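# here is a sequence with its predicted model. Questions after.
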Amino acid sequence: MFTRFMNLFAGVIPYHNGYLPADLALLVVAILFTGVGAAMTVAMQLIPNPGDGIVGTIARITDKELGFCKNCFDVGCVSLSLIIGICFGNWLLGVGLGTLISMVGVGRAIAGFNYLCKRPLLQATGMAG
């Protein structure tokens, strides 16, 4: 099903990668959508994907902000990937500019959304106490 939607969007939204400013602009939009989606999923107590679920649990247990926990978790995952890559002789495999921007950007997008919209969202749904 997901592949069908990807093919549909690829046909409707003509995009050819390779032009760095356009690639970065698309990356920023994707980071914003990802951060907002993760923040809304966790705030509304819906079933999150595993990555957001573990970060949401860490945030709840440590009583830290979700965006901050997401940033820390992502830094840990990227660092672990680099360490594993170094151990196997290909230290930058799969870690590039997009990874580094996303590592910071998604957590900041979550923090920004929660700061601006979490309370009104919870009040509108009757979940705020």
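On my side now, so go ahead. Numbers count the residues shown, from 1 in each chain.

# can you give me the buried ones in the lowest-mean-pLDDT helix or strand in the chain?
In the chain, no helix or strand scores lower on mean pLDDT, DSSP states H and E than helix 2-12, which sits at a mean of 86. Buried residues in helix 2-12, defined by neighbour count with 16 or more other C-beta atoms under 10 Å: none. Placement of C-beta: from N, CA and C, glycine included.

# what's the answer for stretch 48-57, then?
Buried residues in stretch 48-57, defined by neighbour count with 16+ other C-beta under 10 Å: 48, 52, 55, 56.

# may I see the buried residues of the following helix or strand past the least confident helix or strand of the chain?
Where DSSP states H and E defines the elements, the next helix or strand beyond helix 2-12 is helix 20-43. Residues 31, 32, 34, 35, 36, 37, 38, 39, 40, 41, 42, 43 are the ones in helix 20-43 that count as buried (16+ other C-beta under 10 Å).

# and which of those residues is nearest to residue 62?
Distance ranking of the buried residues of helix 20-43 against residue 62, using C-beta to C-beta, places residue 42 first at 14.2 Å.

# doesn't residue 54 make contact with the closest one?
No - checked against C-beta atoms under 8 Å, the pair residue 42 and residue 54 is beyond contact range at 10.8 Å.

# please state the offset of the least confident helix or strand of the chain from the chain centre?
Counting by C-alpha atoms, centre = their mean, to the nearest Å, helix 2-12 is centred 21 Å from the centre of its parent chain.

# and what of stretch 69-82?
With C-alpha atoms, centre = their mean, you get 12 Å for stretch 69-82.
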